[in-house]
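Participant: Structure for the following, please:
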Amino acid sequence: MILPYLRTIYGLTNWMKKNFINIAKNVIDLEIKGLIKLKKFITPSFNDAVRAIANCQSKVILAGVGKSGLIASKLAATFSSVGTPSFHISASDCSHGDLGGITKKDVVILISNSGNSEELKNIIKFTNRHKVKLICIVSKKNSILYKASDIRLLIPDSQEAGFGIVPTTSTAIQLSIGDALAIAAMQYKKFGKLDFKKFHPAGSISNKLKTAEDLMTTKVKIPFINENDTIKNGLKVLNNKKLGVVIARNNKKMTTGIFTDGDIKRIIQKNNEILKKRIKFFMTKNPISIEKDTLVEKALNIMNERKITCLCVYKKDNKKKTIGILHIHQILESNTN
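Facilitator: Predicted structure coming up:
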């Protein structure tokens, strides 16, 4: 009696697993279809919205109701992280004093599937009355929001998953067009990787955006030596600084070459008297250097390609003046932290 029962339970469990997988695929298919439709809805009004956002003299304020409000909150965070100061406000709280946070120099983006949510009406009236730039993301042309907006971003009215009424496809579409606005505004403002890095001082993104300047050895720790000094003194600097290299400079403190512990070993094997010779006759001239804002990932690639362990670092305006040394160990250690 127990065995048939267990077989039934096992079969039912397998059926449910397969069924859930099909449900997942169907939901994803619906959202993909909605996003494909969205591409056809991108019109010149999108350009107008990007310019309005990028040229905003104050802040971009986003709001929505229900799930659209959650999308607005996420998009506000995205805009802020890519150089457009933004924040999300509760549509319902706006009717109880939060409208005071909106000024004439702001740009307001309202997100709504229907465009007729009661909670949005007071925001619409306020922005129209005070001539605040209003951008809508909405799927209904005949809605109050669409008609009242300065810039209208119409999105497709697509089939939802879950009885055809659960906000799924519509929110995926809202999120996608919002992300597109954020990235387009970022590029319009020429907001680059180093700008992005300023707003992401921690986490995996921060590690990817580390530059030579973040890790390099600087100031008195740099193993500098005059190019006219002896190899013997160069050996002392090598031992004291423990970086395996010395940076040779002329009397004007401009970098002229690099001298490594490997160079010294090869020279000594040939002639012990060589220690009295000047470094400039044996150093590698014009060492490979990078600008201080070079990403660490790129610096590591250069080291691997050239089969070297360190790079001289300079400021953009003066390639000959070394301000730091980046060693491969510093990069590897930073990746393990």
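
Participant: mind listing what's buried in stretch 97-106?
Facilitator: 98-99, 102, 106 (16 or more other CB atoms under 10 Å). Glycine gets a C-beta too; all of them are placed from N, C-alpha and C.

Participant: Let me fix that, I meant to ask about stretch 37-46.
Facilitator: 38, 45-46.

Participant: Let me have those in a markdown table, adding pLDDT as columns.
Facilitator: Shown next, in a markdown table, are these (pLDDT from 0 to 100):
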| residue | pLDDT |
| --- | --- |
| Leu38 | 97 |
| Ser45 | 97 |
| Phe46 | 98 |
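
Participant: which one of those sits closest to Lys190?
Facilitator: Phe46 (19.1 Å; CB to CB).

Participant: Low-confidence regions, the stretch 51-200 of the chain specifically.
Facilitator: Low-confidence regions of the stretch 51-200 of the chain, defined by pLDDT under 70, span residues 200.

Participant: rerun that using 80 as the cut-off
Facilitator: For the stretch 51-200 of the chain, the stretches flagged by pLDDT under 80 are 193-195, 197-200.

Participant: for it, what spans make up the strands?
Facilitator: 60-64, 86-88, 107-112, 133-138, 151-154 (DSSP state E, counting those that start in this stretch).

Participant: Would you format these as a markdown table with distance to Thr169 and mean neighbour count included?
Facilitator: Listed next are the strands of the stretch 51-200 of the chain as a markdown table, based on distance: least, CB to CB, whole Å; neighbours: other CB atoms under 10 Å:
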| stretch | distance to Thr169 | mean neighbour count |
| --- | --- | --- |
| strand 60-64 | 16 | 26 |
| strand 86-88 | 22 | 20 |
| strand 107-112 | 15 | 27 |
| strand 133-138 | 14 | 24 |
| strand 151-154 | 15 | 21 |
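
Participant: Relative to Asn228, which of the ones you listed is closest?
Facilitator: That would be strand 86-88 among those, by CB to CB, at 58.1 Å.

Participant: Just give me the neighbour total for Lys236.
Facilitator: Residues lying near Lys236 (other CB atoms under 10 Å) number 13.

Participant: Just the element for it, please.
Facilitator: Per DSSP states H and E: Lys236 is located in helix 231-241.

Participant: how far out from the middle of the chain is that helix?
Facilitator: 42 Å (CA atoms, centre = their mean, to the nearest Å).

Participant: Would you mark the buried spots in that helix?
Facilitator: In helix 231-241, counting by 16+ other CB under 10 Å, buried: 231, 234-235, 237-238, 241.

Participant: from those residues, which single one is nearest Cys312?
Facilitator: Closest to Cys312, out of all of those and judged by CB to CB, is Lys241, at 13.9 Å.

Participant: pretty sure that closest one is touching Pro223, no?
Facilitator: Yes - judged on CB atoms under 8 Å, Lys241 makes contact with Pro223 at a distance of 3.7 Å.

Participant: ok, back up a step: pLDDT and distance to Lys133 for the buried residues of helix 231-241 - can I get that in JSON lines?
Facilitator: Shown next, in JSON lines, are the buried residues of helix 231-241 (pLDDT from 0 to 100; distance: CB to CB, whole Å):
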{"residue": "Ile231", "pLDDT": "84", "distance to Lys133": "69"}
{"residue": "Gly234", "pLDDT": "85", "distance to Lys133": "65"}
{"residue": "Leu235", "pLDDT": "84", "distance to Lys133": "68"}
{"residue": "Val237", "pLDDT": "88", "distance to Lys133": "62"}
{"residue": "Leu238", "pLDDT": "85", "distance to Lys133": "63"}
{"residue": "Lys241", "pLDDT": "86", "distance to Lys133": "58"}
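
Participant: I appreciate the help and will end here.
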